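> sequence plus predicted model, see below.
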Amino acid sequence: MNDIMKFSSVSKRFSDVQALDDISFSIPENTIFGLLGPNGAGKTTLIRIITKIFAADSGEIIFDGQNIKEQHYANIGYMPEEKGMYKKMKVGEHLIYLGQLKGLSKIKAKEQSEFWLNKLGASDWWNKKLEDLSKGMQQKAQFIATVIHQPKLLILDEPFSGLDPVNAELIKNEIYQLHQQGTTIIFSTHRMEQVEEICNTIALINKGKLILNGDVAEIKQKHKEHLYKVAFNNLPVIDENQLFEVVNKSGNTIELKLKQPQYNNELLHYLISKGNTITAYYEILPTLNNIFINLVNKAQNE
Amino acid sequence: MNKTLLIIQREYITRVRKKSFIFFTLLGPIFFLLISILPVLIASANKDDQKILVKDESRLFTALPDTAGLYFTFKYNNLPIEQLKGNYSTLDNGYDALLYIPDMKPDAPYGIEIFSEAQISLTTRIYLENIIADKLEAINLENQNLDKQVLLKLRPKVKIDDKVTSGENQKEGDAVLASVFGYGMGFIIYIVLLIYGTMVMRGVMEEKSSRIIEVIISSVKPFQLMMGKIVGIGLVGITQFMAWGFLVVVLNIIVAAIFGTQLSELQQSTAAAGGEADLSVIAQTMESLSAHPIGFYLLMFLVYFIGGYFLYAALFAAIGSLAGDEETDVQMFAMPVTMLILISIFIMMAVVQQPHTPLAFWASIIPFSSPIVMPALIPFGVPAWQIALSVVFLFAGFIFTTFLAGKIYRTGILMYGKKIKVSEVFKWLFYK
């Protein structure tokens, strides 16, 4: 798989803050890529460098095999966290204007606006002023403005903040569809459960430094702590032993941690030999949230 | 389509379409019209006829000329003044005032009184004093065997014609007319700078506070956005001025058609009241008007209008970009710029009185004051090289402020939350 975007040693300093410190990673084409980090980690700065709002102090960014340039604006769609619009404008003309700024012809922009409004069940908004729309509706309009020029790369900064579950689901489905059509999506957030649900690949930034990068499943494997959950059909009988320790116990289920990863079969033998009947047995992989918190804490302690 | 053009188009159309714009564009000339015809209307509406009973014990007057709203009646001269004072308001159909002229000599007119229930106006009193004085003058001249013409010859009217010698051409000078042109042009540019400069600032603040800015500048360069806004609003200003000019002309034609006769009558009666109309003054004004190259003034006006607007609009855009969520910050940042404009207008007022001082020279060269001062100076005659120098400085100045503003704007528009310090702003000028 090709990389649609590649950062090499990108650094950016604001007078007293090192916003980005030697960041290098790649974003494979046609992935949903999670850009994670606590507030103030440097996510927005990185995005602003991609969108050419800021220039990096050093390092380079390759987009689609070339150094990123202004011509690439037309291939990038960016929805900032703070959803802004010209409130006095009508939805239709607002969309056409933003489409034209992205390089669409007026006709094409109009066509696309109508298509998307229809798709999101908002075809009657055309002549409504943006200030008369509800916040959720405004956000839908914002989403349309971001995808209207069919960008290759879509950057969404906290796209679900402020959306009700129904609309969040709607936008999520649109994101999946765009992904299936070949769009690469950078999804910037600090909400881990969303990342886990949506993203294939992630980069985790803290205080301007890259601390984690890669495929979500691989990362989970790498950071697993050999925790298992076992369910029994009666209260389990367990003694002190060399294989594992019990982390948590509630009713007929226990959570245990293997002292050595290869003790899997021994564990089962042991449990059965004690006369227990096992109804379920599975490995608990760490949530990204846990990995994130652990790594951030570790970074802070260093 | 070019993106800057797109931005200009949006800035222009959304503003021109606004109700407030249409309102002010239509109402501006009506205000202007009201101001110009209001005095006339008020005067004619106020023409409350006053009947004045005159008791003349000196017997010097047989009649007094009636005028706009004043009618004199000589009657009841045999009744004692004490009685008349009590009942003048009920005699006949009632008089508004009683003018009492005691027995007096024409060269010692003391003790004249007027009685009224409502205070008489100053103009009425002055009018009465004038007509009585005129009559007494005539009597006195006759008593001394003097001819009025002789008296007039003794004090001939003096008028100095001023001519300006600039280079080879001698041109007719008229300090009054030059001042009128100067003030007018300087003042309009002052208003333009304030109104449309502030409009640019507000536009930038709006984009910043509504957070649309980030979406836009992921599509265009901040500089394009800033220039698009400045040019768009500049065009709004030009549109508004052209509309005003057009409407004023149309309205004047309409007013002239409706009130034409009334107006000229009124003007004639005022002229008559003020003594003989000095036709030669009007003729001379017309003559020196034709000596002023109006077309050249308009061209220079346009040059300084555009140059000055760009120079200040860029500064206002930069200030708008520094706005936090509180208005007060902006006012603090805007003050130095507003002060520059205010100082310029004060300098302009001073140099119109004294057009050939070093202050006038420097203020017409320095680009921060030249847009207001130079158009005001030009009618007084400014050497070509000075105009050229001033224009070069103005355009260099506007390129400089635009460059500076672009740097501040670029960083400022994305600064949210914390308060911006002036020292930081200087650092932004050197950001990559």
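Looks like it arrived, so ask away.
> B:Ile387 is in contact with B:Met374, isn't it?
Yes - look at B:Ile387 against B:Met374 with Cβ atoms under 8 Å: they come within range, at 7.2 Å. Bear in mind the C-beta positions are built from the backbone N, C-alpha and C, glycine included.
> which neighbours do these two have in common?
Common neighbours of B:Ile387 and B:Met374, counting by Cβ atoms under 8 Å, 6 or more residues apart in numbering or on different chains, are B:Met300.
> which SS class is the closest residue to chain B within chain A?
Proximity of chain A to chain B (Cβ to the nearest Cβ) peaks at A:Gly84, 3.1 Å away. Secondary structure of A:Gly84, reduced to three states by DSSP: H, G, I helix; E, B strand; the rest coil: coil.
> per-residue pLDDT, it?
Looking at A:Gly84, its pLDDT reads 81.
> how many neighbours does it have?
By other Cβ atoms under 10 Å in any protein chain shown, 18 other residues sit near A:Gly84.
> contacts only, for the closest residue in space to it that isn't next to it in sequence.
Computed as Cβ to Cβ, 6 or more residues apart in numbering or on different chains, the closest residue to A:Gly84 that is not its neighbour in sequence is B:Arg211, at 3.1 Å. The contact partners of B:Arg211, by Cβ under 8 Å, 6+ apart, come to A:80, A:82-84.
> and A:Asn234, by the same measure?
A:252, A:276-277.
> the residue nearest the centre of chain B in helix, strand or coil?
Nearest to the mean C-alpha position of chain B, by Cα atoms, centre = their mean, lies B:Gly184 at 6.6 Å. Under the three-state scheme (three-state DSSP), B:Gly184 adopts helix.
> for it, list the residues it contacts.
Here B:Gly184 is in contact with no residue (Cβ under 8 Å, 6+ apart).
> give me the contact list for whichever strand or helix holds A:Phe292.
A:Phe292 belongs to helix A:288-301 when elements are defined using DSSP states H and E. Contacting residues not belonging to helix A:288-301 are listed as A:36, A:38, A:192-193, A:195-196, A:202, A:204, A:206-207, A:209, A:211-212, A:216, A:219-220, A:223 [Cβ under 8 Å, 6+ apart].
> and that helix, average pLDDT?
82.
> same check on stretch B:148-165?
pLDDT averaged over stretch B:148-165 gives 74.
> phi, psi of the most centrally placed residue in chain A?
Closest residue to the average C-alpha location of chain A: A:Gly34 at 2.9 Å, with Cα atoms, centre = their mean. Main-chain dihedrals, A:Gly34, degrees, to the nearest 10: phi -90, psi 120.
> so it touches A:Glu197, yeah?
No - using Cβ under 8 Å as the test, A:Gly34 is too far from A:Glu197 to be in contact (10.1 Å).
> need the contacts of B:Arg211 in TSV (columns: distance to B:Gly232).
Putting these into TSV (distance: Cβ to Cβ, whole Å) gives the following:
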residue	distance to B:Gly232
A:Pro80	24
A:Glu82	24
A:Lys83	24
A:Gly84	19
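> buried residues, the host helix or strand of A:Leu20. List them.
Assigned by DSSP H and E, A:Leu20 falls within strand A:17-28. Of the residues in strand A:17-28, those with enough neighbours to count as buried (16 or more other Cβ atoms under 10 Å in any protein chain shown) are A:19-21, A:23, A:25-28.
> quick one: average confidence on that strand?
Rounded mean pLDDT across strand A:17-28 is 89.
> try stretch B:331-347
89.
> that one: which residues count as buried?
B:333-334, B:337-338, B:340-341, B:344-345, B:347.
> ok, now stretch A:53-63?
A:53-54, A:56-57, A:59, A:61, A:63.
> for B:Lys51, what are phi and psi?
According to degrees, to the nearest 10, B:Lys51 has phi -100, psi 130.
> and it, what does it touch?
B:71, B:73, B:93-97.
> so what sits opposite it in the bridge?
B:Tyr71 (DSSP bridges).
> for it, give me the pLDDT.
Per-residue confidence at B:Lys51 stands at 84 (pLDDT).
> for the helix or strand where B:Ile139 lies, the averaged confidence score.
B:Ile139 is part of helix B:122-143 when elements are defined by DSSP H and E. Helix B:122-143 shows a mean pLDDT of 85.
> give the other helices and strands that the helix ranked longest in chain B contacts.
If you go by DSSP state H, chain B has its longest helix at helix B:222-273. For helix B:222-273, the packing partners by 3 or more Cβ pairs under 8 Å, 6 or more residues apart in numbering or on different chains; DSSP states H and E come out as helix B:3-16, helix B:19-45, helix B:175-209, helix B:294-321, helix B:384-412.
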